[in-house]
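*Asks:* okay, sequence plus prediction incoming.
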Amino acid sequence: MPLLPETNNPIVNLRPAGAAAPAGRTQTPTTVPKATSFEWQAPEYTHRAKPKGWRLTVIGAAAIFAIFGALTENPLFVVIVGLGAILILVYGSRQPALLSVRIDHAGVTINQQRREWKELNSFWVSADAGGRREIRLRTAQWLTPVLIIPLANQNPTAVHEYVAEFLPEKEERPSLAELIADGLGF
């Protein structure tokens with residue numbers, strides 16, 4: 001079977017046997033080369049500007065909970081509220097890191113950290129009307145059970161077809177923590 005010189009893929013003629021080529025066209029059958037890997041960069045998450053006064057709101061809410069903890073004589077609760085407020089303030093102010101993503105026959109690599117296909121259980125590609133496009137990978141780890149990777153400028157259908165060769169597809173909906181964070185503007 002003849003091969004295309006640029007890809008070494010076999011030349012496939014999709015015309016029925018015995019059918020003539022359309023008039024005025026050369027008879028050079030072509031194939032669309034299938035992707036052997038995907039590589040892109042994307043921000044870790046979509047950064048949303050916080051409204052004026054959100055820091056004061058977080059500090060005020062933390063103060064109210066801390067006072068409640070002090071009145072109920074629960075110092076551990078006061079410490080947890082203080083740490084939670086600090087984390088919200090720090091993570092709410094930071095800019096997203098730039099992720100380097102590669103999906104190939106060996107697995108998924110995110111910023112030089114490789115996850116082989118055997119370490120992953122399933123996947124779900126989602127693209128909503130708001131422009132959010134991502135792939136969710138279910139892992140066997142209890143600390144990070146779902147990896148959420150923004151697709152940036154990648155074609156969700158092409159990524160879906162490629163990953164489906166290695167993993168079963170299983171719908172992954174956003175967790176309650178994700179919905180709360182999204183509602184709070186994170």
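*Replies:* Ah, there it is.

*Asks:* going forward, measure contacts and count neighbours with C-alpha atoms only.
*Replies:* Noted.

*Asks:* may I have the helix-or-strand element of the chain with minimal mean pLDDT as CSV, with CA atoms only?
*Replies:* Ranking every helix and strand in the chain by mean pLDDT, DSSP states H and E puts helix 176-183 at the bottom, with a mean of 79. Taking C-alpha atoms only, helix 176-183 is exported to CSV below (Å, rounded to 0.1, in the frame of the first residue of the first chain):
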residue,chain,number,x,y,z
LEU,A,176,-19.5,20.8,46.1
ALA,A,177,-16.2,22.5,47.0
GLU,A,178,-15.8,23.6,43.4
LEU,A,179,-19.3,25.0,43.2
ILE,A,180,-18.8,26.9,46.4
ALA,A,181,-15.4,28.3,45.3
ASP,A,182,-17.0,29.3,41.9
GLY,A,183,-19.8,31.0,43.7
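
*Asks:* hmm, who's touching it?
*Replies:* Contacting residues not belonging to helix 176-183 are not present [CA atoms under 8 Å, 6 or more residues apart in numbering].

*Asks:* tell me the domain boundaries of this protein?
*Replies:* 38-44+99-173, 54-93 (automatic domain parsing).

*Asks:* mean pLDDT lowest where, among those?
*Replies:* Ranked by mean pLDDT, the domains of the chain bottom out at domain 38-44+99-173, which scores a mean of 88.

*Asks:* and the strand or helix carrying R115, what does it pack against?
*Replies:* Using DSSP states H and E, the element containing R115 is strand 113-116. In terms of contacts (3 or more CA pairs under 8 Å, 6 or more residues apart in numbering; DSSP states H and E), strand 113-116 is packed against strand 107-110.

*Asks:* show me what the strand it packs on pairs with in its sheet, parallel or antiparallel.
*Replies:* Using DSSP bridges, the strands paired with strand 107-110 are strand 98-104 (antiparallel), strand 113-116 (antiparallel).

*Asks:* now the longest one: buried residues?
*Replies:* Translated: strand 98-104. Residues L99, S100, V101, R102, I103, D104 are the ones in strand 98-104 that count as buried (16 or more other CA atoms under 10 Å).

*Asks:* gap between the second one and L87?
*Replies:* Yep, that's S100 we're talking about. To L87, S100 is 25 Å away according to CA to CA, to the nearest Å.
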